[in-house]
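[1] Build me a model from this:
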Amino acid sequence: MFTESEIIIGKMTELMHSYRVCCFSVHDSIIVSKRGQKIAVDTLESKFLGSTGVDCLLLGKFK
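    Alright, predicted model coming up:
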């Protein structure tokens, strides 16, 4: 659980500071604007792979 929390917190910080994408966490999810969806998915996948050494499958509601 600690690893997952570190990944989420790190990605939220990066999204807000580097990409100016507003985001909120809810349990094990990140809520972003439609404009920020692609960058959020891309950065989260890369951070997860870098932290764990395995690919992740992101599930979400993309409208």
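[2] does residue 24 count as helix, strand or coil?
    State at residue 24, reduced to three classes by DSSP: H, G, I helix; E, B strand; the rest coil: strand.
[3] sorry, that was for residue 30
    Taken by three-state DSSP, the conformation at residue 30 corresponds to strand.
[4] mind listing what it touches?
    Contacts for residue 30 were tallied using C-beta atoms under 8 Å, 6 or more residues apart in numbering; they are 8, 11-12, 15, 23-24, 40, 44. Using the backbone N, CA and C atoms, a C-beta is placed for each residue, glycine as well.
[5] cool, residue 45 as well?
    55-56, 58.
[6] Pretty sure residue 12 sits against residue 25.
    Yes - with contact defined as C-beta atoms under 8 Å, residue 12 counts as touching residue 25 (6.3 Å).
[7] Cross the contacts of residue 45 against strands and list the overlap.
    When DSSP state E is applied, the contacts of residue 45 are split such that none fall in strands.
[8] Most neighbours among the residues you listed, which one?
    In terms of neighbours by other C-beta atoms under 10 Å, these top out with residue 56 at 14 neighbours.
[9] pLDDT score for it?
    On pLDDT, residue 56 comes in at 84.
[10] so what's it closest to, chain neighbours aside?
    Nearest-residue entry for residue 56: residue 48, 4.3 Å, with adjacent residues in sequence omitted and distances by C-beta to C-beta, 6 or more residues apart in numbering.
[11] Tell me which residues touch that neighbour, please.
    Taking C-beta under 8 Å, 6+ apart as the definition of contact, the neighbours of residue 48 are 7, 54-56.
[12] Can you tell me the SS state at the residue nearest the centre of the chain?
    Most central residue of the chain, judged by C-alpha distance to the mean C-alpha position with C-alpha atoms, centre = their mean, is residue 44 at 3.8 Å. In terms of secondary structure, residue 44 is helix; the call rests on three-state DSSP.
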